[in-house]
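Student: structure for this input, please:
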Amino acid sequence: MTEYPRLKYSMQAVRKAGDRLAKPMQFGQDTTAGQYVDTMRIFSIANSWRDSHFLPMRSVRFSVGHHMRALRLKGDMASRPKRMASIRRKLRESTTYLDTMNDIGGCRAIMPDIKSVRMLLASMRDKFPHEIHCREFNYIDEPKPDGYRSHHIVFQYRPRAADTEAFEGRRIELQVRTTLQHSWAAAVEAVGLFRRQDLKHGKGEQDWLRLFQLMSAEFAHVEQCPVRVDVPDHDDRVRELRDISRRVGATSILGDIQNLTLHSANIVKRTENFRHYLIQYDKNHDITVEPSRTIMLGARKLEDIENKIEIRGIDVNAVLVEVDTVGKLVQMYPNYCGDVSLFARNLKSICAGRRLSNTV
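Tutor: Numbering: from 1, shown residues only. Next up is the predicted model:
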């Protein structure tokens, strides 16, 4: 069996590390050697806990892929661990603890249409090797106020062999969404990264937040899914979208972001074909893709760059992802690679009164 990281610390140590991560951590000239060592131990515990989700994450991903093949459904799968910056934000802004967080390990299934989404979900509820934890989060039929739409299920890992019992109970979040829904979520993050605004969490220019809210409603309308009652009807939405798009120069900005895709696509073409990749996106919008032969090596690379982010304050976003082939990187993680082509094309179509497309 492929070697996967195991938790090196007690669960009590994990809970305490999470309590510390939720608080500010200062590094500077006044930091003593003892404080530095203590802080590095906190990050080491947190990383060990996160790394211990890799095997359950792959197991969930492969199980979902099995259902897709059995149903003869088209779609793509990818997975990644939660970024340390996102873990710390969630610990600060919610009542969850590090050891009870549901989405430290995440899988994503991108389906071509809403029918495929619902078929896959029904199949997994009927028979799946891992237990559904608590309840499902149906953000497709009940979209979030900002317009986010996707279906989330949290699974608890069930070991099927004695040598995997150490991973029992790890929680893995699966997100199932359509291509249109994925293009929306990716565009929110891509515009946020490009304009250095946390649009994903509702922080940034109100015009952009409103544009995404209205676009989500248009996508829901096309997919014959519920539209939130607090957004205007179709004709009023289109008029408002046209006005906002002109006001913020959305087409031009999305075009600038799209230019990154050409650069990132060239990087991907030159990258070796492995399963694990460390993607970095810096403040100058430069993208680097570094392959890893094993998940263990990838985890160490991620830990190293995140330590530099936390300690040295370097301004970069880093994520470790697993995909079937290198060619799927841009498609599955367009937010980091600047691929907003489908969203931009559909924004133009809506403003021009044309039909939408769900093909990248």
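
Student: shaky segments in the stretch 151-300 of the chain?
Tutor: Low-confidence segments of the stretch 151-300 of the chain, defined by pLDDT under 70: 261-272.

Student: equivalent analysis for the stretch 1-150 of the chain, please.
Tutor: Low-confidence segments of the stretch 1-150 of the chain (pLDDT under 70): 1-2.

Student: show the residue spans covered by the helices in it.
Tutor: Along the stretch 1-150 of the chain, the segments classed as helices by DSSP state H, counting those that start in this stretch run 11-21, 33-51, 54-70, 84-93, 114-126.

Student: let me have those helices in TSV, adding mean neighbour count and distance to Pro291 as columns.
Tutor: Bear in mind the C-beta positions are built from the backbone N, C-alpha and C, glycine included. Shown next, in TSV, are these (neighbours: other CB atoms under 10 Å; distance: least, CB to CB, whole Å):
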stretch	mean neighbour count	distance to Pro291
helix 11-21	17	29
helix 33-51	17	18
helix 54-70	20	16
helix 84-93	17	21
helix 114-126	17	29
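
Student: helices of the stretch 201-350 of the chain, residue ranges please.
Tutor: Using DSSP H, counting those that start in this stretch, helices in the stretch 201-350 of the chain cover 206-222, 234-248, 250-269, 295-312, 329-332, 334-337, 341-352.

Student: and of these, who's closest to Tyr4?
Tutor: Comparison of these against Tyr4 by CB to CB identifies helix 295-312 as nearest, at 6.6 Å.

Student: can the helices of the stretch 201-350 of the chain go into JSON lines with extra columns for distance to Thr96?
Tutor: What follows is the helices of the stretch 201-350 of the chain, written out as JSON lines (distance: least, CB to CB, whole Å):
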{"stretch": "helix 206-222", "distance to Thr96": "25"}
{"stretch": "helix 234-248", "distance to Thr96": "34"}
{"stretch": "helix 250-269", "distance to Thr96": "32"}
{"stretch": "helix 295-312", "distance to Thr96": "20"}
{"stretch": "helix 329-332", "distance to Thr96": "26"}
{"stretch": "helix 334-337", "distance to Thr96": "24"}
{"stretch": "helix 341-352", "distance to Thr96": "31"}
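
Student: out of the helices of the stretch 1-150 of the chain, which gets nearest to Val231?
Tutor: Judging the helices of the stretch 1-150 of the chain by CB to CB, what sits closest to Val231 is helix 114-126, at 18.8 Å.

Student: got the CA coordinates for that closest one in CSV?
Tutor: Output of helix 114-126 as CSV, limited to C-alpha atoms (Å, rounded to 0.1, in the frame of the first residue of the first chain):
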residue,chain,number,x,y,z
ILE,A,114,-27.9,19.1,-12.6
LYS,A,115,-29.3,15.7,-13.6
SER,A,116,-25.9,14.1,-13.2
VAL,A,117,-25.4,15.7,-9.9
ARG,A,118,-28.7,14.4,-8.5
MET,A,119,-28.1,10.9,-9.9
LEU,A,120,-24.6,10.7,-8.3
LEU,A,121,-25.9,11.9,-4.9
ALA,A,122,-28.8,9.4,-4.9
SER,A,123,-26.4,6.6,-5.7
MET,A,124,-24.0,7.5,-2.9
ARG,A,125,-26.8,7.7,-0.3
ASP,A,126,-28.0,4.2,-1.3
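
Student: list of residues touching it?
Tutor: Here helix 114-126 makes contact (CB atoms under 8 Å, 6 or more residues apart in numbering) with 64, 67-68, 70-71, 73-75, 109, 111, 132, 140, 151, 153, 176-178, 223-225.

Student: before we move on, what about stretch 84-95?
Tutor: 18, 21-22, 43, 46-47, 50, 96-98, 101, 104, 201, 306, 309-310, 317.

Student: of all the helices of the stretch 201-350 of the chain, which gets the most neighbours per residue?
Tutor: Ranked by mean neighbour count, the helices of the stretch 201-350 of the chain are led by helix 334-337 with a mean of 25 (mean count of other CB atoms under 10 Å).

Student: so for that one, mean pLDDT?
Tutor: Regarding helix 334-337, the rounded mean pLDDT is 74.

Student: hang on, the earlier thing: from the contacts of helix 114-126, keep the buried residues only.
Tutor: 64, 67-68, 73, 75, 109, 111, 140, 151, 153, 176-178, 223, 225 (16 or more other CB atoms under 10 Å).

Student: just these: which are in strands?
Tutor: 109, 111, 151, 153, 176-178 (DSSP state E).

Student: need those in JSON lines (columns: distance to Tyr9).
Tutor: Output for these, formatted as JSON lines (distance: CB to CB, whole Å):
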{"residue": "Ala109", "distance to Tyr9": "32"}
{"residue": "Met111", "distance to Tyr9": "38"}
{"residue": "His151", "distance to Tyr9": "34"}
{"residue": "Ile153", "distance to Tyr9": "28"}
{"residue": "Val176", "distance to Tyr9": "33"}
{"residue": "Arg177", "distance to Tyr9": "35"}
{"residue": "Thr178", "distance to Tyr9": "40"}
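
Student: thanks a lot, see you next time.
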